[in-house]
Structure formats: structure tokens, C-alpha cells
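In: Below are the sequence and a predicted model for it; my questions follow.
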Amino acid sequence: HLLKLHTISLTWGVAQEAMELEEEHMDKNNANASNGSSSSRLKRLGFVAFGGTLGGILGSLITACFADTFHFTGLLLLSALLLEVSARFSIHIGKIMKFYWSLTVKVRSEDDLQSL
């Protein structure tokens, strides 16, 4: 259970940082983004909460349905496949974060140069 807690904490930390970097980038492009920023964050967090709840329900349902068919080995392979899918999504999220981070660093460095 400790590994699950660690994984969830890391995932939420990365997701939060990605959202903040994206919002900073959107704020630079939109003049009136003060209300839209919190609204878009609430929408995203709503989708994340819905996805987490749906995943928990469907994950338990799929496991219960396929337990007799796939037995232990099949469920282990299915778990490995789903873990691979989530790892690929994590890599994709990392690339998105890197993109927004590079934009943020570029904008901040340009602001620093203009202030000189």
C-alpha cells in the first residue's frame, strides 16, 4: 500500500505542476484570464476526479468479471498491460510539462532582459 500512496502522490504532484505551467502560459496569452484560470482548473480537477472514480469502479468490475476466465496469470498480464499504458501516458504528460516549462523559462528570461 505504501507504493500505491507514493505513486499517487507523485502523480498528483506532476499533474499539479503541469496545470500550473499551462495556466501560466495561458495567462500570458489572455489578458482577462484571472477568472478563466480558476474555472479551467476546476473543470480539469472535476474530470480527474470523475476519471479516478470511474477507473476505481471499472477496475474492480473488470477484475471481478475476468477473474474466473483469466485466472491469476491472465490478470497479472492484464495488469502489466494497463501499467504499460499508464507509463506511456506519464511519458506524454512529461513531454507536455517540458514544453510548457520551456515556454515559461523563455518568457521569464525575456522579461528579465526587457527589465534591464
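Out: Now that the structure is in, tell me what you want to look at.
In: contacts and neighbour counts: CA atoms only from here.
Out: OK.
In: pLDDT value on Arg88, please?
Out: Looking at Arg88, its pLDDT is 90.
In: Over to the one 3 residues further on?
Out: As predicted, Ile91 sits at a pLDDT of 86.
In: What helices and strands are in contact with the host helix or strand of it?
Out: Here Ile91 is covered by helix 33-115, with elements defined by DSSP states H and E. For helix 33-115, the packing partners by 3 or more C-alpha pairs under 8 Å, 6 or more residues apart in numbering; DSSP states H and E come out as helix 2-29.
In: Which strands and helices lie in contact with the helix it packs on?
Out: helix 33-115.
In: how far is the helix it packs on from where the chain is centred?
Out: Once both centres are worked out by C-alpha atoms, centre = their mean, to the nearest Å, helix 33-115 turns out to sit 3 Å from its chain's centre.
In: Name the residues of the least confident helix or strand in the chain by mean pLDDT that come out as buried.
Out: Scoring the helices and strands of the chain by mean pLDDT, DSSP states H and E places helix 2-29 at the bottom, with a mean of 72. Counting neighbours by 16 or more other C-alpha atoms under 10 Å, one finds that the buried residues in helix 2-29 are 14-15, 18-25.
In: ok, back up a step: between the helix holding Ile91 and helix 2-29, how many degrees?
Out: Calculated by axes from the mean of the first three to the mean of the last three C-alpha atoms, to 10 degrees, helix 33-115 forms an angle of 70 degrees with helix 2-29.
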